[in-house]
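return a 3D structure for these sequence lines:
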Amino acid sequence: MSAQGEAATKTRTIRLLLVGDEYVGKTSLILSLVSEQFPFSVPPRTQPITIPPDVTPERVATILVDTSMREQSENDISSEIVRADVICLVYSVVDDETFNRLSKYWLPLIREKLGDSHKVPVILVGNKSDERFEQGEQDSSLNRAIPIMHKFKEVETSLECSAKSMKNLAELFFYAQKAVLFPHAPLYNSAGQMLTEKCVTALTRVFKICDMDGDGVWNEEEMQEFQERCYNTPLLPQAMEEVRNCIAKHLPHGVKETGITLDGYLYLNMMFIHRGRQEATWTVLRKFGYDDDLELAESYRAITKLQPAIHKAEISTQGTHYLLCLFSKFDRDQDDLLSDSEFQNLLSVSSKRMIGQDWYQSVETDAKFALTRRGFISLFQLTAYFNPVYTADILAHFGYSYQMAEPDLNSAFDVHKDAPWEANKSSKEQPRKVILCNVIGNRGAGKTSFMEGFLGRNLSLQSKFRDKIDTQSPLHIINQISVYNTLKFLILRRTREYNLDPKEMKSDVNCFIFDASSRESFVYVQKYYERYQMHFGSRSVPSLFVAAKSDLIHDDGKLLEEVKAYCFEKGILPPHIISVNVTTVPSDIYLELATLATYRGAKTRFRVPQFGPGGGSIRQRVSSFLEWLYRRKLVISGCVVVMAIVAGCGVVHIRRTNPAVLQDLRNFRLPMFALKA
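Model prediction:
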């Protein structure tokens with residue numbers, strides 16, 4: 001199958017309807033095409049005839065449907081109009097009345113039955129051109145059809161033919177097929193003689209996606225890859241030079257020394273359409289996911305393996321790789337940051353506003369609000385967690401399927417059942433990467449400052465962000481964090497005061513934060529914690545208390561001692577004591593939250609074991625190793641390993657100091673009663 005045929009993937013049967021006044025030759029056109037000779041005995045109407053796909057240029061089965069006002073009522077013809085995929089409106093070039101009735105009767109009837117904005121293509125067919133020449137008339141009726149085409153946008157094209165001489169007969173049915181498979185109207189405005197706005201938008205997106213280095217010009221390598229991906233055939237050097245010369249001749253600024261510009265590419269497509277080769281443009285548009293309305297098709301934007309009611313989605317390893325490539329492409333100054341202008345340039349790939357402006361407060365940036373690589377990946381993980389359908393839409397618009405050579409978006413996402421981490425650990429799914437933590441506390445407790453501290457922002461930096469963005473405090477904060485050398489994404493979600501809505505409270509870990517200088521603040525979270533435990537019971541998740549604003553403590557730490565006693569009573573970790581009014585915000589608390597969620601229910605603080613150089617003393621290394629075994633639930637086997645190591649070290653020591661003792665140990669035998677016991 002040709003590339004054009006592959007582009008028209010919806011190889012359904014086309015229902016081609018011929019309508020028009022009596023004696024204009026509708027039946028003769030059908031019979032001449034099928035029998036390849038003119039019928040001198042013509043019935044009033046033929047029964048529907050199916051042309052098999054293997055004899056049509058586009059490999060699509062076509063049903064030819066005839067009508068007759070002598071045998072059918074207007075209602076019968078109207079019912080056929082409603083069922084048609086394309087309508088050939090036939091008139092006689094030697095009978096002006098049949099031509100005048102096109103705009104007076106037939107086209108208004110078609111609109112009445114299909115609606116003013118219907119999308120069924122109409123082709124004006126002037127039959128009996130052979131009789132006009134026999135009568136000595138030379139003027140074509142095609143010029144007279146132009147005003148009709150301007151008034152009725154559904155008219156795709158017009159042509160003259162002859163059932164008797166077979167002139168343009170094959171072309172008539174070829175154009176009718178193309179009008180369905182490769183509609184002209186969505187691409188080109190015949191009245192204005194220009195590409196439609198939707199077409200320009202779609203082709204601009206295609207150009208930006210295929211401009212791999214982001215320099216605004218398609219170089220030879222990019223053109224070659226585009227040609228092979230879209231048309232399944234290489235672009236020969238001679239053909240490439242012809243394309244450049246053709247554009248340069250009519251649009252000098254459409255070509256640069258390094259390649260063709262966006263304007264040059266748009267002109268190239270307009271030239272294709274002018275020459276009746278809109279299938280070349282449609283082949284590209286369908287490759288990039290567009291339907292006949294020049295909207296991205298639902299199948300192109302969907303994660304088919306996702307069931308939103310029971311699944312959560314995360315950006316996969318392959319999806320992350322794609323996003324990193326996208327980041328590098330638009331990081332024009334190669335400073336590992338996306339400035340505001342660079343980020344807006346990235347967003348311009350799609351005409352839709354895919355990402356809002358409040359992301360500045362939710363992900364990592366530098367002090368000048370430029371987006372870091374970690375912040376960029378985190379932004380997509382955040383949107384994927386709460387709205388995977390929206391995130392898939394973004395990646396579809398950015399051209400994921402094309403650039404990763406994937407048939408759909410499934411490879412960009414890991415999909416998990418929406419279950420606690422504990423349940424997920426025993427599953428065969430990919431390990432989850434995203435952790436959700438609820439941040440709970442009363443007003444003024446320091447929730448927002450604590451959350452933004454996760455992004456490394458102290459109070460001074462936070463005030464700059466609030467000055468730049470006139471919005472409420474962020475609802476979510478996300479950043480990367482390493483939990484025992486495994487990369488995770490921790491989302492901190494600010495919850496509403498005294499909210500126990502199961503949907504909003506569902507999380508992997510809870511952080512109860514209070515003002516360390518206010519007993520009322522602690523009492524608030526204490527009551528909230530107890531209500532939460534009572535409400536969720538066995539479904540409750542690990543919790544951690546955080547005492548914020550430690551720089552404001554004025555009661556000699558009495559409140560903190562009470563809190564520690566309370567935590568001990570409840571069997572949870574002692575509170576973390578922090579202050580964001582410092583140069584660097586401590587990061588161990590965020591690691592603690594991520595660790596509690598990952599190893600659900602753990603009661604001990606863990607440190608990443610250091611086995612390499614600089615890992616501390618032998619005692620520290622052994623301690624870290626034992627903690628690592630505990631974390632891995634390998635206590636028993638770990639003890640065996642440790643005892644074996646100790647025994648081995650003892651044997652080595654004895655061998656070096658007293659070999660005779662070693663020989664005695666080898667000869668030692670337990671008495672029989674000991675073996676029996």
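
now the helix or strand hosting Tyr175 - C-alpha only, PDB.
According to DSSP states H and E, Tyr175 maps onto helix 169-181. The C-alpha atoms that make up helix 169-181 are tabulated as PDB, following Å, rounded to 0.1, in the frame of the first residue of the first chain:
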ATOM      1  CA  LEU A 169     -14.600   9.900 -16.100                       C
ATOM      2  CA  ALA A 170     -12.000   8.100 -14.000                       C
ATOM      3  CA  GLU A 171     -10.900  11.500 -12.600                       C
ATOM      4  CA  LEU A 172     -14.400  12.200 -11.400                       C
ATOM      5  CA  PHE A 173     -14.600   9.100  -9.200                       C
ATOM      6  CA  PHE A 174     -10.900   9.600  -8.100                       C
ATOM      7  CA  TYR A 175     -11.700  13.100  -6.900                       C
ATOM      8  CA  ALA A 176     -14.800  11.900  -5.200                       C
ATOM      9  CA  GLN A 177     -12.800   9.300  -3.200                       C
ATOM     10  CA  LYS A 178     -10.200  11.900  -2.400                       C
ATOM     11  CA  ALA A 179     -12.900  14.400  -1.200                       C
ATOM     12  CA  VAL A 180     -13.800  11.900   1.500                       C
ATOM     13  CA  LEU A 181     -10.400  10.500   2.400                       C
END
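
quick one: contacts of the helix or strand just after that helix?
Under the assignment DSSP H and E, the closest C-terminal helix or strand after helix 169-181 is strand 188-189. Under the criterion CB atoms under 8 Å, 6 or more residues apart in numbering, residues Met194, Leu195, Thr196, Cys199, Met270, Ile273, Gln278 lie in contact with strand 188-189. Bear in mind the C-beta positions are built from the backbone N, C-alpha and C, glycine included.

so what's the last one up against?
In this structure, Gln278 makes contact with Lys178, Phe182, Pro183, His184, Leu187, Tyr188, Phe272, judged by CB under 8 Å, 6+ apart.

got a list of contacts for the helix holding Tyr175?
Outside helix 169-181, the residues that reach it (CB under 8 Å, 6+ apart) are 8, 10, 14, 16, 29, 32-33, 51, 56-58, 60, 62, 64, 85-86, 88, 121, 123, 125, 156-157, 159, 161-163, 276, 278-279, 282.

go ahead and confirm Gly446 touches Asp551.
No. Judged on CB atoms under 8 Å, Gly446 makes no contact with Asp551 at a distance of 11.0 Å.

neighbour-wise, which of those two wins?
More crowded of Gly446 and Asp551, by other CB atoms under 10 Å: Gly446, with 24 against 12.

excluding sequence neighbours, find me the nearest residue to that one.
Spatially, and ignoring its direct neighbours in sequence, Gly446 is nearest to Ala548 (3.7 Å; CB to CB, 6 or more residues apart in numbering).

if we can go back for a sec, give me the buried entries from the contacts of helix 169-181.
8, 14, 16, 29, 32-33, 51, 56, 58, 60, 62, 64, 85-86, 88, 121, 123, 125, 156-157, 159, 161-163, 278-279, 282 (16 or more other CB atoms under 10 Å).

show me those that map onto helices.
Among the buried ones among the contacts of helix 169-181, DSSP state H puts Leu29, Ser32, Leu33, Gln278, Glu279, Trp282 in helices.

how about the residues you listed in CSV, adding distance to Glu220 and pLDDT?
Output for those, formatted as CSV (distance: CB to CB, whole Å; pLDDT from 0 to 100):
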residue, distance to Glu220, pLDDT
Leu29, 47, 93
Ser32, 48, 92
Leu33, 44, 89
Gln278, 26, 89
Glu279, 25, 90
Trp282, 25, 95
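
now render the residues you listed as a markdown table, adding distance to Leu294.
Listed next are these as a markdown table, based on distance: CB to CB, whole Å:
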| residue | distance to Leu294 |
| --- | --- |
| Leu29 | 32 |
| Ser32 | 36 |
| Leu33 | 32 |
| Gln278 | 12 |
| Glu279 | 15 |
| Trp282 | 10 |
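
now do Val206 against Met212, distance only.
13 Å (CB to CB, to the nearest Å).

looking at these two, which one has more neighbours?
Neighbours per residue (other CB under 10 Å) separate Val206 from Met212, with Val206 holding more: 24 against 15.

hang on, the more buried one packs against Leu285?
Yes. Between Val206 and Leu285 there is a contact under CB under 8 Å: 7.4 Å.

Thr204: which element?
Taking DSSP H and E as the definition, Thr204 sits inside helix 197-210.

and if you look at Ile477?
strand 476-483.

paired strands for that strand, with orientation please.
Applying DSSP bridges, strand 476-483 is found paired with strand 486-494 (antiparallel).

coming back round to it: the residue nearest to Gly446: what's it in contact with?
With CB under 8 Å, 6+ apart, Ala548 has these contacts: Gly441, Ala445, Gly446, Ser449, Phe450, Ile513, Phe514, Asp515, Ala516, Ile578, Ser579, Val580.

and of those residues, the nearest to Thr261?
Closest to Thr261 out of the contacts of Ala548 is Ser449 (48.7 Å), distances taken as CB to CB.
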